[in-house]
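Undergrad: Predicted model, plus sequence, below.
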Amino acid sequence: MPSTALRLAIAAAFMVPAAVSAQSTPQTDAKPADKGKDKTIQRVEVKGAAANYDPRRDDTAGKTVLSAEEIRKYGDDNIFDVLKRAPGVTVTDKTIRMRGLGAGYTQILVNGDRPPPGFSLDALTPDQIERIEVIRAASAEYSMQAIAGTINIVLRKVVSKPQRDLRLNATRSPLQHGCTVGGTWGEKVGDLSYFVNGSAFGGHNEFHSRGADRLTLPDGTVSQARTSNYRGGGAYRGIVVFPRLNWKIDDANELNLSAGMQASSHAWSGFSHNDNLVGAFGAPDWIDMPGRSSGEQWMMRGEIGWIAKVGGGKLDVSLSGERSRDDNDNASDYFSAGRAHHLLRDWDTVYRPRRASFRGKFARTLFDGHSLVTGVDASRQRNDDTRDRRDQQDDAPETHVVEGYQPEVARLAAFVQDEWSIDKQLSVYLGGRWEGVRTGSGATGMAETTSRSHVLSPVAQTLYKFPDKSGRQVRLALTRTYKAPTVDQLTARRYLAALNTRFSPDSSGNPALKPELANGIDVAFEQYWPEGGMVAVSGTQRLVTDYIRTRLDLDPDGRWIYRPLNDGGARVRSLEAELKLPLRMVSTAAAGFDMRASVTRNWSEVTTVPGPGNRLDGQTPMSANVGLDYRKDKLSVGASMAYQEGGWVRISDAQSRRQHTRRDVDAYAAWKLDEHLQLRFTLNNILGMDNASENAYEDANGLSRQASWQQGATRVGVNVEMKM
């Protein structure tokens, strides 16, 4: 937060010097001492409190910070496994959720900004991350598109001393094997420092899944039933590089240059087979479906930033640009029973987004402990997307359609915030942010559509620390946040499903959509102990208006289609408790053990969807994390469990979805051979949890149910970490 330097200055002003000593030369006569030889010298040392600063405890805006040590503790090879152990965070099918709410409600940032087009969190390895900030209440400095909260991933930056390290990682399970090689090279030479962090990865994945479909008529008769089996797999590989250069020109000016590059490729093949038990599923009824897919993706990014001391404060401006490309080739064969009919479908897609962004921020300490920050953000993104569709059934002529799609999004935002340290016990944060978005889209055979929206979001937060260094404190936050429609939701372009059913429909947008708005309140109580332990209890509520609901309809042409619309509102509530406890606080015999635990209970109701189970965005009802770590000398071991409660969710009056309960248990053991070499062994998904889900649709024609299951497996990993 911008008040960090202010807090340190205040702490230093109130602090008694850690060491004060005076030396004087005694006078042997009454004559004045010679000023050149006998000058009295006093040596004063003041040790600041920077090491004692804890953003979780001291920042007015509540947040949880995962340090680099916590991020790398379990030897994870992806960021999703890291975040599933963060308090109040759940990960479902690579969707990151806070308060049980997923994409669009939980804001994901990289270095305080939206990830550039083509940026993949899959390719981001934990050793490239400096810290992760889990921000529960919105902050004006960041976008207010954070109804559930914000997760800010801060990448490693310039080093203050030479740094060279190399990491080797290998993982294996019955369904997967892969390896990653990554490292860091950083140097500081005078006023110039540079930093390069990168990794290369590759491996092979196997997939095995089963499914079942059933249609039951109103009289209880089963008119359709089938089972399906899929087996497939393929190889993947990629490289990620993040270089950065810093030049401290003088005491008042600093120049930063940074870049980023991600590139990856994959090739998959698989075979799906259906067994019809009752009735038929279409004409022709496809039974065997072999398929193959390949793709290449790359992203390049550059940024130049300037930091200057001007007007008694600090000015921070940056200009960045990104380009990426994503090519995917998907080909499938569809065969009916006895191969009487054959459909060859070859769909190729190319996505070419590019974006330019400008960010400016000015921070200045004012009178009476005020820390003022104001700034602007602006960006423009344009995509050039193409889909090449070729279909040929039996001996009929080939159908060849080329579709173009050119969406464009322009954003402009301005914010101001003031953090006021009233005294050592009380601090107040006031801020506001205005954000405007213009979205335009054009597509082959369609008229261009344009949508404009803007939101003014005030925010107020306060932190009160009880006196006498009790370690107790309370927080209160009032926010106005929002969820903007996506580009796909705003365009009237229609996306066709390969095989159209009520469980895999077409989709189209709605240019008239408005943003969802949410007024929220957050209250928290925290207790910190000098030994490093803490306990926190918090409660939140969000009242959402202009809720965007996706409605499933049957078109006159007989195809199922999803369309979004603003429909009613929703209320979201959460209750969260967190505990960190070094067990030496309980018993000296337990020195070296650290325990952590958190549990979150979520509720929500959508006003236009009948209950029970009418939860917003398939909200996770309850999640919990518990972990135990032990460290002694050169050995560290630990284990954790992440729990997600499942259950049925009512999506509409006719449609429901069930997510099964998950229990992910992980463990690690690290042995530091010497100051330069460490070995780490990891186990992920020790219980071998599978992935399962179920969908249901009931109307006057009967009840349709679809169940799916995908095999999971325990994964073993070995890491070698070297410092050179």
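TA: Structure received. Numbering: from 1, shown residues only.
Undergrad: hey, let's count contacts and neighbours off CA atoms from now on
TA: Noted.
Undergrad: Nearest residue to the middle of the protein?
TA: Nearest to the mean C-alpha position of the chain, counting by C-alpha atoms, centre = their mean, stands Ile108 at 4.2 Å.
Undergrad: Convert the C-alpha atoms of the helix or strand where that residue lies to CSV, please.
TA: According to DSSP states H and E, Ile108 maps onto strand 106-110. Provided in CSV are the C-alpha atoms of strand 106-110 (Å, rounded to 0.1, in the frame of the first residue of the first chain):
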residue,chain,number,x,y,z
THR,A,106,-12.8,-12.7,-8.4
GLN,A,107,-10.2,-10.3,-10.0
ILE,A,108,-6.9,-11.8,-11.1
LEU,A,109,-4.0,-9.3,-11.5
VAL,A,110,-0.3,-9.6,-12.4
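Undergrad: quick one: low-confidence parts of the protein?
TA: Along the chain, segments meeting pLDDT under 70 span 1-52.
Undergrad: quick one, domains of it?
TA: Per the record, the chain has its domains at 4-45, 54-723, by automatic domain parsing.
Undergrad: deepest of these, which one?
TA: Highest mean neighbour count among those (mean count of other C-alpha atoms under 10 Å): domain 54-723, with a mean of 18.
Undergrad: starting at the chain centroid, how far to it?
TA: 4 Å (C-alpha atoms, centre = their mean, to the nearest Å).
Undergrad: From the opening residue of that domain to its closing one, how far?
TA: Start and end residues of domain 54-723 are separated by 27 Å (C-alpha to C-alpha, to the nearest Å).
Undergrad: Ok, stretch 330-348 next?
TA: Start-to-end, stretch 330-348 (C-alpha to C-alpha) is 6 Å.
Undergrad: Provide the contact partners of that stretch at residue level.
TA: For stretch 330-348, the surrounding residues in contact (C-alpha atoms under 8 Å, 6 or more residues apart in numbering) are 284-294, 327-329, 387-394.
Undergrad: Narrow the residues you listed to those in strands?
TA: With strands defined by DSSP state E, the entries of the contacts of stretch 330-348 inside them are 286-294, 327-329, 387-393.
Undergrad: longest strand anywhere in this protein?
TA: strand 222-250.
Undergrad: Quick check: next helix or strand after it?
TA: Using DSSP H and E, the helix or strand that follows strand 222-250 in sequence is strand 253-278.
Undergrad: was I right about Ala410 contacting Arg380?
TA: Yes: taking C-alpha atoms under 8 Å as the definition, Ala410 is a contact partner of Arg380 at 4.4 Å.
Undergrad: in its sheet, what does the strand or helix carrying Tyr464 sit against?
TA: Tyr464 belongs to strand 446-465 when assigned by DSSP H and E. Strand 446-465 has the following strand partners under DSSP bridges: strand 426-443 (antiparallel), strand 472-483 (antiparallel).
Undergrad: Tabulate the CA atom coordinates of that strand in PDB.
TA: Only the C-alpha atoms of strand 446-465 are listed here, as PDB (Å, rounded to 0.1, in the frame of the first residue of the first chain):
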ATOM      1  CA  MET A 446     -23.000  -9.100 -38.900                       C
ATOM      2  CA  ALA A 447     -23.400  -5.400 -38.300                       C
ATOM      3  CA  GLU A 448     -20.900  -3.900 -35.900                       C
ATOM      4  CA  THR A 449     -22.100  -3.400 -32.400                       C
ATOM      5  CA  THR A 450     -21.000  -0.900 -29.800                       C
ATOM      6  CA  SER A 451     -21.400  -0.800 -26.000                       C
ATOM      7  CA  ARG A 452     -20.500   1.800 -23.400                       C
ATOM      8  CA  SER A 453     -20.600   1.700 -19.700                       C
ATOM      9  CA  HIS A 454     -19.000   3.500 -16.700                       C
ATOM     10  CA  VAL A 455     -19.000   3.000 -13.000                       C
ATOM     11  CA  LEU A 456     -18.100   5.300 -10.100                       C
ATOM     12  CA  SER A 457     -16.900   3.300  -7.100                       C
ATOM     13  CA  PRO A 458     -16.300   4.900  -3.700                       C
ATOM     14  CA  VAL A 459     -14.500   2.900  -1.000                       C
ATOM     15  CA  ALA A 460     -13.800   3.500   2.700                       C
ATOM     16  CA  GLN A 461     -11.800   1.400   5.100                       C
ATOM     17  CA  THR A 462     -10.600   1.800   8.700                       C
ATOM     18  CA  LEU A 463      -8.200  -0.100  11.000                       C
ATOM     19  CA  TYR A 464      -8.300   0.300  14.800                       C
ATOM     20  CA  LYS A 465      -5.500  -1.200  16.900                       C
END
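Undergrad: start the count at 5, not 1, going forward
TA: That works, and once the first residue is 5, the last one we named lands at strand 450-469.
Undergrad: Now do the contacts for Phe597.
TA: Applying C-alpha under 8 Å, 6+ apart to Phe597 gives the contacts 586-588, 632-635.
Undergrad: so can I have TSV of these showing secondary structure and distance to Asp372?
TA: Formatted as TSV, the contacts of Phe597 follow (DSSP: H, G, I helix; E, B strand; the rest coil; distance: C-alpha to C-alpha, whole Å):
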residue	secondary structure	distance to Asp372
Pro586	strand	38
Leu587	helix	41
Arg588	helix	41
Leu632	strand	44
Asp633	strand	44
Tyr634	strand	45
Arg635	strand	45
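Undergrad: ok, so of these, who is nearest Asp492?
TA: Of all these, Asp492 sits closest to Leu632, with 43.6 Å by C-alpha to C-alpha.
Undergrad: Dig out what that closest one forms beta bridges with.
TA: Beta bridges link Leu632 to Met599, Ala643, judged by DSSP bridges.
Undergrad: I'd like the distance between it and Asp598.
TA: Applying C-alpha to C-alpha to Leu632 and Asp598 gives a distance of 6 Å.
Undergrad: who touches both of these two?
TA: Residues touching both Leu632 and Asp598 (C-alpha under 8 Å, 6+ apart): none.
Undergrad: Glu300 contacts Asp331, doesn't it?
TA: Yes: Glu300 lies in contact with Asp331 (C-alpha under 8 Å); the separation is 5.3 Å.
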